[in-house]
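Enquirer: no sequence for this one, just the structure:
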């Protein structure tokens with residue numbers, strides 16, 4: 001298994017720098033032959049979502065499509081596929097940022113019964129308690 005950084009994943013997805021895209025694609029396309037996968041850890045996933053949303057103006061539906069593509073693509077392995085899939089479900093049915101959805105799912109797996117926040121976008125997610133009046 002090999003790890004990839006956010007900038008490798010972003011270049012692969014957006015293809016805005018041809019030289020970097022080709023290098024990223026070369027790394028990723030070598031994996032099936034060697035049976036080796038590329039790890040996309042939680043930090044890289046959150047950073048990628050942030051870059052795609054903030055820099056490339058991806059809308060929510062496009063972020064969902066992108067993550068579904070990654071989940072169904074051969075070279076990619078995730079730190080915890082179950083957590084990522086559950087976070088994606090939360091992201092689709094709420095207004096919360098993906099990083100909050102991922103945080104919520106990680107905390108649940110660890111055993112947190114509640115995660116406190118001031119972020120009202122998380123109020124529809126089971127596991128978050130939004131503190132009001134602050």
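Expert: Yep, it's here. Given the structure is predicted, the values throughout are model-derived calculations rather than measurements.
Enquirer: confirm for me that residue 128 is in contact with residue 113.
Expert: No: using CB atoms under 8 Å as the test, residue 128 is too far from residue 113 to be in contact (11.2 Å). Heads up, the C-betas are built off the backbone N, CA and C, glycines and all.
Enquirer: who's more crowded, these two?
Expert: Counted by other CB atoms under 10 Å, residue 128 and residue 113 do not tie: residue 128 has more neighbours, with 23 against 8.
Enquirer: can you pull the contacts of the more buried one?
Expert: Applying CB atoms under 8 Å, 6 or more residues apart in numbering to residue 128 gives the contacts 96, 100, 104, 114, 115, 116, 117, 119, 122.
Enquirer: and it, bridged to which residues?
Expert: With DSSP bridges as the criterion, the beta-bridge partners of residue 128 are residue 115.
Enquirer: for the protein, which helix is longest?
Expert: Secondary structure of the chain per DSSP state H: the longest helix is helix 18-34.
Enquirer: what's the model's confidence in that one, averaged?
Expert: Averaging pLDDT along helix 18-34 gives 81.
Enquirer: stretch 69-81 now?
Expert: 92.
Enquirer: who's in contact with that stretch?
Expert: Contacts of stretch 69-81 (CB under 8 Å, 6+ apart): 1, 28-29, 31-32, 37-42, 45, 84-85, 88, 106, 109.
Enquirer: list the buried residues in that stretch.
Expert: For stretch 69-81, burial by neighbour count (16 or more other CB atoms under 10 Å) applies to 70, 75, 76, 77, 78.
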